[in-house]
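> Need a 3D model of the following:
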Amino acid sequence: MGSGADAETSSRGPLLRTLAGVALIGVLLWQVGTGPVLDGLRMIDGPALAAALGIGVLTTVCGAWRWSLVAGGLGVRLPLGTAVVHCYRAIFLNSTLPGGVLGDVHRAVRHGRDVGDVGRGVRSVVWERLAGQVIQVGVALVLLCALPSPVQRYLPFVAAVAVAGGVVVVLSARLLPRSGPSRWARTVRGAAADIRHGLLAGRVWVGVVLATVVAFAGHLATFLLAARVVGADAPLSRLLPLTLLALMAMILPLNVAGFGPREGVAAWAFAAAGLTAAQGVSTAMVYGALVLAASLPGAFVLIIRRIRVPAPGRESVAGG
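Just a heads-up that it's a prediction; the model follows:
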């Protein structure tokens with residue numbers, strides 16, 4: 001009975017997170033109105049779309065390169081071209097399905113099946129995503145410390161908590177038993193081996209850091225582009241920290257295809273910086289629309305694969 005209850009709770013988790021994201025968006029639109037958002041979306045023009053597509057190519061290739069490096073370190077062959085195709089498809093699915101991570105789940109399982117090792121394929125995506133998030137948070141903290149923002153006074157405390165958390169993780173991994181047949185010992189040994197070979201081996205870590213920083217810069221540029229589209233004419237030194245805060249909110253799983261916490265934090269940050277909450281919500285919404293437009297090559301990947309791969313049973317029927 002306990003396992004059934006746990007399974008039911010686990011199955012409800014994604015639904016509850018999606019509902020929370022929908023509720024958050026609803027509250028924001030109720031507070032600021034739909035007018036500013038619709039006006040911002042209508043202001044997206046050809047040059048903005050072209051810029052978003054170009055930036056999307058750069059960020060997607062960087063993400064694919066990072067994944068290819070990590071997968072190679074774990075002993076899984078992943079050519080860059082194949083990784084780019086998988087990443088475009090994943091970004092499109094992330095931008096259109098609830099949760100914002102289903103595309104990454106799809107590419108992890110798909111690649112694992114392609115190479116005959118689903119476990120290793122999944123681990124390569126997990127470590128690639130985790131490394132990217134950690135590096136992005138680190139870069140964001142450095143930039144937020146250097147630029148004026150509504151959270152600048154709290155950053156020393158946040159940095160201290162982050163460092164303390166890292167120390168706890170490292171000490172736990174070193175002090176807890178790593179030998180023996182227990183499940184925990186096997187997990188620790190496996191994680192240590194993955195980090196050593198998949199992230200820290202040779203020059204892999206250099207490529208992972210470089211790819212992440214360039215991709216993060218691309219995301220920042222897209223958000224700043226969205227701010228200009230909606231008419232935010234504040235200087236970049238003022239907009240950049242607000243952009244960092246909004247993008248960091250996307251780490252939270254309470255979203256609908258990426259929408260939700262990003263818009264909420266943008267509304268608060270823009271208002272706290274002397275702009276307007278409506279401008280923050282509009283900017284975040286336009287950013288989401290630009291990211292969706294930049295992910296459209298992933299839709300073509302799905303369509304082409306649907307055409308090339310026969311439906312289950314089609315070959316057997318034709319052969320009969």
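> Leu147 touches Pro241, doesn't it?
Yes - Leu147 lies in contact with Pro241 (C-beta atoms under 8 Å); the separation is 4.6 Å. For glycine as for every other residue, the C-beta is placed from the backbone atoms N, C-alpha and C.
> Of those two, which one has the most company?
Legend: neighbour count by other C-beta atoms under 10 Å for Leu147 and Pro241, higher for Pro241 (22 against 16).
> What count of nearby residues applies to Leu74?
Count around Leu74 with other C-beta under 10 Å applied: 22.
> what's the nearest residue to it if we skip its chain neighbours?
Gly198 (4.4 Å; C-beta to C-beta, 6 or more residues apart in numbering).
> helix/strand/coil for Pro148?
Following DSSP: H, G, I helix; E, B strand; the rest coil, we place Pro148 in the coil state.
> gap between the spatially closest residue to it that is not a sequence neighbour and Ile251?
Distance criterion C-beta to C-beta, 6+ apart; nearest residue to Pro148, sequence neighbours excluded, is Pro241 at 6.9 Å. The gap separating Pro241 from Ile251 is 17 Å, by C-beta to C-beta, to the nearest Å.
> got it, and Ala162?
Following C-beta to C-beta, the distance that separates Ala162 from Ile251 is 13 Å.
> any shared contact partners between the two?
Val137 (C-beta atoms under 8 Å, 6 or more residues apart in numbering).
> So, low pLDDT: which residues of the stretch 151-300 of the chain?
Along the stretch 151-300 of the chain, the parts satisfying pLDDT under 70 run over 169-170, 172-182, 184-185, 253-258.
> quick one, helices of it?
Assigned by DSSP state H, counting those that start in this stretch, the stretch 151-300 of the chain shows helices spanning 155-175, 183-194, 204-229, 236-248, 261-272, 277-294, 296-308.
> Tell me what angle the last one forms with helix 277-294.
I take that to be helix 296-308. 40 degrees (axes from the mean of the first three to the mean of the last three C-alpha atoms, to 10 degrees).
> With just CA atoms, put helix 296-308 into PDB.
What follows is helix 296-308, C-alpha atoms only, in PDB (Å, rounded to 0.1, in the frame of the first residue of the first chain):
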ATOM      1  CA  LEU A 296      11.200  25.800 -34.600                       C
ATOM      2  CA  PRO A 297      13.900  23.900 -36.400                       C
ATOM      3  CA  GLY A 298      13.200  21.300 -33.700                       C
ATOM      4  CA  ALA A 299       9.700  21.000 -35.000                       C
ATOM      5  CA  PHE A 300      11.000  20.200 -38.500                       C
ATOM      6  CA  VAL A 301      13.200  17.500 -36.900                       C
ATOM      7  CA  LEU A 302      10.200  15.900 -35.400                       C
ATOM      8  CA  ILE A 303       8.200  16.100 -38.700                       C
ATOM      9  CA  ILE A 304      11.100  14.700 -40.800                       C
ATOM     10  CA  ARG A 305      11.600  11.900 -38.300                       C
ATOM     11  CA  ARG A 306       7.800  11.100 -38.400                       C
ATOM     12  CA  ILE A 307       7.900  10.900 -42.200                       C
ATOM     13  CA  ARG A 308      11.100   8.800 -42.400                       C
END
